[in-house]
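Engineer: need coordinates for the below:
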Amino acid sequence: QGNMAFAGKYEFEGDENYDDFVTKIGLPSDKIEMGRNCKIVTEVVQNGNDFTWTQHFPGGRTTTNTFTIGKEADMETMGGKKFKATVKMEDGKIVAEFPNYRHTAEISGGKLVEISTSSGVVYKRTSKRIA
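Structural biologist: Residues are numbered from 1 along each chain as shown. Predicted structure coming up:
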């Protein structure tokens, strides 16, 4: 595993509690529809504690967050809001506090598992490694 555990390309495989979560964080209904069972490809470039985390959406839209573990960075949410956050590493998981949810990402069984929690609603997205 080591430090390079996250580097790679992952394709959306499945999720749990999507509707409850995106409603809770206030995503508009058009964005909710767009994101449902969306074959998002997540590309992670990791160089030590420096990360570039890009999500490629069908239709060509991409969101990229570049951050260094332990340093404040400019980030963008699922809904396109910009904010500042300090990304941490806890027990091999990347942890970021978004404005209205907490997001963790880890590699488990060769898959990228992302969990977002907002007011008790837990959204889990699993992506399989494709590169």
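Engineer: so where do the helices sit in this structure?
Structural biologist: In the chain, the helices defined using DSSP state H lie at 18-24, 29-35.
Engineer: so which of those gets nearest Val122?
Structural biologist: Val122 lies closest to helix 18-24 among the helices of the chain, at 7.6 Å (Cβ to Cβ). (Glycine included, C-beta is placed from N, CA and C.)
Engineer: the residue positioned nearest the centre of the chain bridge partners, please.
Structural biologist: The chain has Glu114 as the residue nearest its centroid, 5.9 Å off, counting by Cα atoms, centre = their mean. Assessed by DSSP bridges, Glu114 has beta-bridge partners Ala105, Arg125.
Engineer: low pLDDT regions in the protein?
Structural biologist: Under the criterion pLDDT under 70, the flagged ranges of the chain are 1-4, 78.
Engineer: do you know how far the nearest residue to Thr126 once chain neighbours are set aside is from Ile40?
Structural biologist: Nearest non-adjacent residue to Thr126, counting by Cβ to Cβ, 6 or more residues apart in numbering: Glu13, 4.9 Å away. Distance from Glu13 to Ile40, counting by Cβ to Cβ, to the nearest Å: 10 Å.
Engineer: more neighbours: which of the two?
Structural biologist: Neighbour tally, Glu13 and Ile40, criterion other Cβ atoms under 10 Å: the higher count belongs to Ile40, 19 against 14.
Engineer: dump the residue contacts of the nearest residue to that one once chain neighbours are set aside.
Structural biologist: Among residues not flanking Ile40 along the chain, Phe12 sits closest, at 4.7 Å (Cβ to Cβ, 6+ apart). Contacts for Phe12 (Cβ atoms under 8 Å, 6 or more residues apart in numbering) come out as 37-42, 125-127.
Engineer: fine by me, we can end here.
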